[in-house]
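Chemist: Test case, fold it:
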Amino acid sequence: MASDLVTNINWPGSSSFTYGSTPFGLYESESIFREHADKVNDWVAKRLGYPVQNVELLPQNIYAVFEESISEYSAQVNAFNIRNNLYNMLGHDNTNSLTNTYLEGTNTTQIVTIANSYGSEIGLGPGATVYKGSLALHSGVQRYDLKNLSAVSESLVNASGQPFATIPSGSLESGSHYGKNITITRIYYTGVPAISRFFDPYATSGAGTLNLMQEFGFSGFSPASQFVLMPIYEDLLRIQAIEFNDQIRRSAYTFNLVNNVLEIFPVPGISTANPKNLWFEYVITDERIEASMLHKSNVISSYANIKYDNMTYASINSVGKQWIWKYTLALAKELLGGIREKYASIPIPEGEISLDGASLRAEAQNDKDRLYEQLRQDLEELSRPKQMEYKAQEAEQVQKMLKNIPLPFYIG
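Modeler: Numbering: from 1, shown residues only. As a prediction, the model looks like this:
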């Protein structure tokens, strides 16, 4: 049987391609593929030694590896493009094919979403909804445990650290928030604003203006009105001086919030019979997490669903076609080696013939590795980081060349 396989198969040559000759039929509708299929078929057979020696393959085998080679080339190029463009395309529509599409720019949707998440932490930009609540202050109580605030209650701690009984005296903006985890973002516990104690330098009468004029040595003048224009930083320095004075020389209004335990300064001195409310802002923790993330369907979200389809054979340039033909030969050589390995030797009269299956497969593997390395190296040289590096080097060299150009003399 082995002898029949070697001696009876005559290579059919070219002009035998028909529809359905390839396993998947990915490129059969292209006239240039059908034309090249027969030419590649004939070229591979001759490169494998036909007609000097028999080639134990059929045209359908060559057509199959030819189709596989085109798909492999397309997959390698698409994988490179995915690595190059995935970050910029995250969140975009994934219904349109990106094959043979030029892409440039950044993923502004993702960047804006991240920026909004950061901005919402300081009250800027869209984010989680900010709600308001209140907390009743009690005379002599400095520390308030807010852990149970979602249950509309507060734990009071006296100056010695002994807790009072839990008193339901807190409130949230919405009844539906009770029982939910909240994060307090702002507490309204401040003293009198410094600007309210800042005399107006633009006033034309009053003790404030007289004091200001005295500082500038203008008190000896006696016009009907005086006007002094002050730089804005002078206002800021005066406000800062007032705040520092309150903080260092007086009992400043401030608070400390650690692990949902609120400690306020100074100690409230109001009557317990008439408690005052301390207002605060808060966000629902679940809403805060949800607002920091982007959820979209039918968009590019990963390596797996960015839409890069098989290239058309006609769109591949001559460099790519040359790679495909060589890879087709390597696959055919590997297939032929596998077939010949099944018949390591064939008996003949007064001896036997040894087949070169193992060496063919080893040679084919070396050819494939070399082609992969060449293609990936070429693609890597075209990556965005490499192109930016080349452009920077080019700009630097251009600057060096421009320095050699003599400057013209200006004659006025």
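Chemist: And the helices in the chain?
Modeler: Secondary structure of the chain (DSSP state H): helices at 2-8, 31-47, 59-89, 108-120, 207-215, 232-249, 285-291, 318-341, 357-381, 384-402.
Chemist: how about the third one: buried residues?
Modeler: I take that to be helix 59-89. Going by neighbour count (16 or more other Cβ atoms under 10 Å), the buried part of helix 59-89 is 59, 61-74, 76-78, 80-82, 84-85, 88-89. No exception for glycine: its C-beta is placed from N, CA and C like everyone else's.
Chemist: which residues of the stretch 251-400 of the chain score low on pLDDT?
Modeler: 251, 270-275, 344-354 (pLDDT under 70).
Chemist: hmm, back to that, Ile300 is nearest to which of the helices of the chain?
Modeler: helix 59-89 (4.9 Å; Cβ to Cβ).
Chemist: what is the rounded mean pLDDT of that closest one?
Modeler: Mean pLDDT, helix 59-89: 93.
Chemist: Skipping its backbone neighbours, what lies nearest Asn85 in space?
Modeler: Computed as Cβ to Cβ, 6 or more residues apart in numbering, the closest residue to Asn85 that is not its neighbour in sequence is Leu103, at 4.9 Å.
Chemist: on that earlier part again, same list (the helices of the chain) but as a markdown table, adding distance to Gln142.
Modeler: Formatted as a markdown table, the helices of the chain follow (distance: least, Cβ to Cβ, whole Å):
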| stretch | distance to Gln142 |
| --- | --- |
| helix 2-8 | 97 |
| helix 31-47 | 83 |
| helix 59-89 | 51 |
| helix 108-120 | 31 |
| helix 207-215 | 36 |
| helix 232-249 | 18 |
| helix 285-291 | 26 |
| helix 318-341 | 76 |
| helix 357-381 | 64 |
| helix 384-402 | 57 |
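Chemist: Nearest the middle, which residue of this protein would you pick?
Modeler: Tyr87 (5.0 Å; Cα atoms, centre = their mean).
Chemist: mind listing what it touches?
Modeler: The contact partners of Tyr87, taken as Cβ atoms under 8 Å, 6 or more residues apart in numbering, are Asn107.
Chemist: buried stuff in stretch 364-380?
Modeler: Ala364, Asp367, Lys368, Leu371, Leu375, Leu379.
Chemist: still on that earlier bit, please identify which of the helices of the chain is closest to Pro23.
Modeler: Short answer: helix 59-89, nearest of these by Cβ to Cβ, at 5.5 Å.
Chemist: How far does the closest one sit from its chain's centre?
Modeler: Centroid separation for helix 59-89 versus its chain: 25 Å, with Cα atoms, centre = their mean, to the nearest Å.
Chemist: could you give the angle of that helix to helix 318-341?
Modeler: Computed by axes from the mean of the first three to the mean of the last three Cα atoms, to 10 degrees, the angle separating helix 59-89 from helix 318-341 equals 130 degrees.
Chemist: Tell me what angle helix 59-89 forms with helix 384-402.
Modeler: Using the same axes, to 10 degrees: helix 59-89 against helix 384-402 is 70 degrees.
Chemist: okay, the angle between helix 59-89 and helix 31-47?
Modeler: 120 degrees.
Chemist: what sits against Ile70?
Modeler: Neighbours of Ile70 in contact, by Cβ under 8 Å, 6+ apart: Leu26, Tyr27, Phe33, Asn310, Met311, Tyr313, Ile316, Ile324.
Chemist: Can you lay out these as a markdown table showing distance to Leu135?
Modeler: Output for the contacts of Ile70, formatted as a markdown table (distance: Cβ to Cβ, whole Å):
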| residue | distance to Leu135 |
| --- | --- |
| Leu26 | 69 |
| Tyr27 | 73 |
| Phe33 | 76 |
| Asn310 | 65 |
| Met311 | 66 |
| Tyr313 | 73 |
| Ile316 | 70 |
| Ile324 | 74 |
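Chemist: Kindly reformat those residues as a markdown table containing neighbour count.
Modeler: Compiled in a markdown table, the contacts of Ile70 are given as follows (neighbours: other Cβ atoms under 10 Å):
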| residue | neighbour count |
| --- | --- |
| Leu26 | 18 |
| Tyr27 | 22 |
| Phe33 | 21 |
| Asn310 | 16 |
| Met311 | 20 |
| Tyr313 | 25 |
| Ile316 | 19 |
| Ile324 | 24 |
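Chemist: Closest one to Phe409 out of the residues you listed, please.
Modeler: Out of those, the member with the shortest distance to Phe409 (by Cβ to Cβ) is Ile316, at 55.9 Å.
Chemist: Next one: the closest one from Tyr50, what distance?
Modeler: 27 Å (Cβ to Cβ, to the nearest Å).
Chemist: Distance from stretch 386-400 to the middle of the chain?
Modeler: 27 Å.
Chemist: my bad, stretch 379-396
Modeler: For stretch 379-396, the distance to the chain centre is 21 Å (Cα atoms, centre = their mean).
Chemist: Can you mark which positions in it are buried?
Modeler: Leu379.
Chemist: One more: stretch 47-55?
Modeler: Leu48, Tyr50, Asn54, Val55.
Chemist: ok, so of the residues you listed, who is nearest Ser21?
Modeler: Using Cβ to Cβ, the buried residues of stretch 47-55 come closest to Ser21 at Val55, 17.4 Å.
Chemist: my read: that closest one touches Gly49, true?
Modeler: Yes - with contacts counted by Cβ atoms under 8 Å, Val55 reaches Gly49, the gap being 6.4 Å.
Chemist: Can you convert the buried residues of stretch 364-380 into TSV and add a column each for distance to Thr99?
Modeler: Formatted as TSV, the buried residues of stretch 364-380 follow (distance: Cβ to Cβ, whole Å):
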residue	distance to Thr99
Ala364	29
Asp367	27
Lys368	24
Leu371	22
Leu375	17
Leu379	15
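Chemist: Let me know the closest of those to Lys342.
Modeler: Ala364 (15.8 Å).
Chemist: can you list the domains in this protein?
Modeler: As assigned by automatic domain parsing, the chain contains the domains 2-86+310-401, 131-291.
Chemist: Would you tell me which of those gets closest to Ile111?
Modeler: That would be, of the domains of the chain and by Cβ to Cβ, domain 2-86+310-401, which comes in at 14.9 Å.
Chemist: What distance do you get for the closest residue to Leu294 other than its chain neighbours to Glu121?
Modeler: Sequence neighbours aside, Thr113 is the residue nearest to Leu294 in space, at 4.7 Å (criterion: Cβ to Cβ, 6+ apart). Distance from Thr113 to Glu121, counting by Cβ to Cβ: 14 Å.
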